[in-house]
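Enquirer: Sequence first, then the predicted structure, then my questions.
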Amino acid sequence: MQESKELPSRLFLAFAGILLAVGTLMVYSASMSSRSVNAEQIYLEKHAIYLGLALLSGAIASHLPSRLWYRLAPVLYLTSVVLLMAVLVPGLGHRVNGAQRWLRLGPFSLQPSELLKLTIPLIVCRFRFNREGNLNSSRMGPTVTLLLLIGVPLGLVLIEPDLGTAVFLGVVAAIALFLSGWPLKYFILIASLAVPTIAGLITLRPYQLARVQGFIQTWTHPDAAPYQVQQSLTTLGVGGLQGEGLGQGWQKLSFLPEANTDFIFSVIGEELGLLGTIGVIVLWLGFYLSGLKLIKMTHKHTFQSVVATTLLTQLVLQAAMNVAVVTAMLPPKGISHPLISYGGSNLVTSVAAIGIILSLTKDSVVNSDSIREEHPFEFEHPATFGT
């Protein structure tokens, strides 16, 4: 079994490595501006530091035994929640453009909401695959506890405020619940409450409503579309089929906002053309399929397989959402392109997720029997839950 895992594991790492290489190259190119300073060199040096930290975190995560993630889930979850609370404390949290989402660490900053992309799948699956999370009984206690585990950090993210990230994290939690066999009736109930709540929050906040209205205008009155959307589509259109050439794009020179972060995919389109953007999408497709193949070789319906599949899916989903925003298929929202965009928190979290996936798929077949003895409900088939 270990030998048969070698090929998908290598393919998985190869696709991840190529995406990271493309990201480093495009961060350097997209960081060029019309200013006279060497901004691209400064951003590249910082990105290299972030990449080094990311690779270190990924390597450490990949070498940890899979059973350790089950035990660490509560500690990691509580740590992320405490950091989220610290962000909201005056003097500790750093405010940018009206949003208080970062903790300053000298010249660097940490965005605790990024950590939830790791800790929410871990805590949800730990709860689902243990005795307390068994929903066979008619008691509402386990369901309420589970919803609180998800709702508390999402509420803190909303306070920052960051509606888009809160919704994304809610989707990630839903993926983990679905893969672990959470009953459909609970999804229907939560959706019936969540959709009106999100609509209300958008209506109450003018800037959120303006984003939705701008998204509609993009398709009905393109001239009235938001500036960043107009520039993003223009940047993609300028590239044509083969692009202007690496480093030769003009839109990044102070025309395209957030060129090296949220809209780096537009720069790829301008400089490498349609072939370049399709190439990135093909890389993500190969990354996802090779990851699924690797996970498929573990025992199905286990803590390891569900967490690994959730982490893999959320990485690809975030990349797809970034592409959708850049191409005006979704309302404008600050969402980075994992493994490619500039930014320390997202890069470290994304590579750490890859390391956790490798850890969970590395020895789960060998050690599953011993873990089952320690946690008898951990590997129970999720279809039995809630029936």
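Expert: That came through, no problem. Numbers count the residues shown, from 1 in each chain.
Enquirer: Any buried residues in stretch 279-288, and which?
Expert: 280, 283-284, 286-288 (16 or more other Cβ atoms under 10 Å). Just so you know, the C-beta spots here come from the backbone N, C-alpha and C atoms, and that holds for glycine as well.
Enquirer: my bad, stretch 74-88
Expert: Across stretch 74-88, burial judged by 16+ other Cβ under 10 Å covers 77, 80-81, 83-85, 87.
Enquirer: if you look at those, which of them are in helices?
Expert: 77, 80-81, 83-85, 87 (DSSP state H).
Enquirer: Against Lys362, how distant is Gln231?
Expert: According to Cβ to Cβ, to the nearest Å, Gln231 and Lys362 sit 44 Å apart.
Enquirer: Poorly predicted segments of the stretch 101-250 of the chain, please.
Expert: Counting by pLDDT under 70, the stretch 101-250 of the chain contains low-confidence residues at 106-107, 131-139, 201-202, 204-208.
Enquirer: mind listing what the nearest residue in space to Lys252 that is not next to it in sequence touches?
Expert: Once flanking residues are discounted, Lys252 sits nearest to Ala259: 4.1 Å by Cβ to Cβ, 6 or more residues apart in numbering. Contacts for Ala259 (Cβ atoms under 8 Å, 6 or more residues apart in numbering) come out as 30-31, 251-252, 266-267.
Enquirer: Repeat that for Trp69.
Expert: Neighbours of Trp69 in contact, by Cβ under 8 Å, 6+ apart: 122, 303-304, 307, 356, 359-360.
Enquirer: quick one on the thing from earlier: out of the contacts of Ala259, which one sits closest to Ala225?
Expert: For those, the minimum distance to Ala225 (Cβ to Cβ) is 14.2 Å, reached by Ser266.
Enquirer: That closest one: what's it in contact with?
Expert: Counting by Cβ under 8 Å, 6+ apart, Ser266 touches 231-232, 235-236, 251, 256, 259, 326.
Enquirer: With Leu253 as the reference, measure out to it.
Expert: 13 Å.
Enquirer: And Asp223, by the same measure?
Expert: Here Asp223 is placed at a distance of 23 Å from Leu253 (Cβ to Cβ).
Enquirer: out of these two, which sits in the more crowded spot?
Expert: Leu253 (12 against 6; other Cβ atoms under 10 Å).
Enquirer: So that one is in contact with Ser29, correct?
Expert: No. Contact criterion Cβ atoms under 8 Å: Leu253 and Ser29 do not qualify, at 11.3 Å.
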